[in-house]
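Asker: Predicted model follows, preceded by the sequence.
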Amino acid sequence: MMLYPAMNQLTSVIPNRYLLVNVVAHRAREIADEAEETGERLTEKPVTLAIHEVADGRLSPEIIEQVEQAENA
């Protein structure tokens, strides 16, 4: 099975793989929480949606900064 989007595409947006994992996990939790609150039915898993947001460059820099600060605390 091939990973889509490719890892090199994801690391071009967030160069540190460990930070990438934490950012995707953080965003996936946000997506899942928002869907639960609104009762929205997701067509894909939250992690998949978060990965696509990173690949498309739709992830806000604020989220990345929040995760970086939490890692350093």
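Answerer: Alright, I've got the coordinates. Residues are numbered from 1 along each chain as shown.

Asker: Going by C-alpha atoms from here, please, whenever you check contacts or count neighbours.
Answerer: Noted.

Asker: For this protein, which residues score under the pLDDT cut-off?
Answerer: 1-3 (pLDDT under 70).

Asker: If we use 80, what do you get?
Answerer: 1-3, 60-61, 64, 71, 73 (pLDDT under 80).

Asker: For the longest helix belonging to the chain, enumerate the helices and strands it packs against.
Answerer: In the chain, taking DSSP state H as the definition, the longest helix is helix 17-38. For helix 17-38, the elements it packs on are helix 7-13, helix 46-56, helix 61-72, judged by 3 or more C-alpha pairs under 8 Å, 6 or more residues apart in numbering; DSSP states H and E.

Asker: Let's check: the centremost residue of this protein is which one?
Answerer: Geometric centre of the chain, nearest residue: V24, 2.5 Å, by C-alpha atoms, centre = their mean.

Asker: Identify the residues contacting it.
Answerer: 47, 50-51, 54 (C-alpha atoms under 8 Å, 6 or more residues apart in numbering).

Asker: Pull the number of nearby residues for P61.
Answerer: Residue neighbour count, defined by other C-alpha atoms under 10 Å, stands at 9 for P61.

Asker: Quick check: it vs A70, distance?
Answerer: As judged by C-alpha to C-alpha, to the nearest Å, P61 and A70 stand 14 Å apart.
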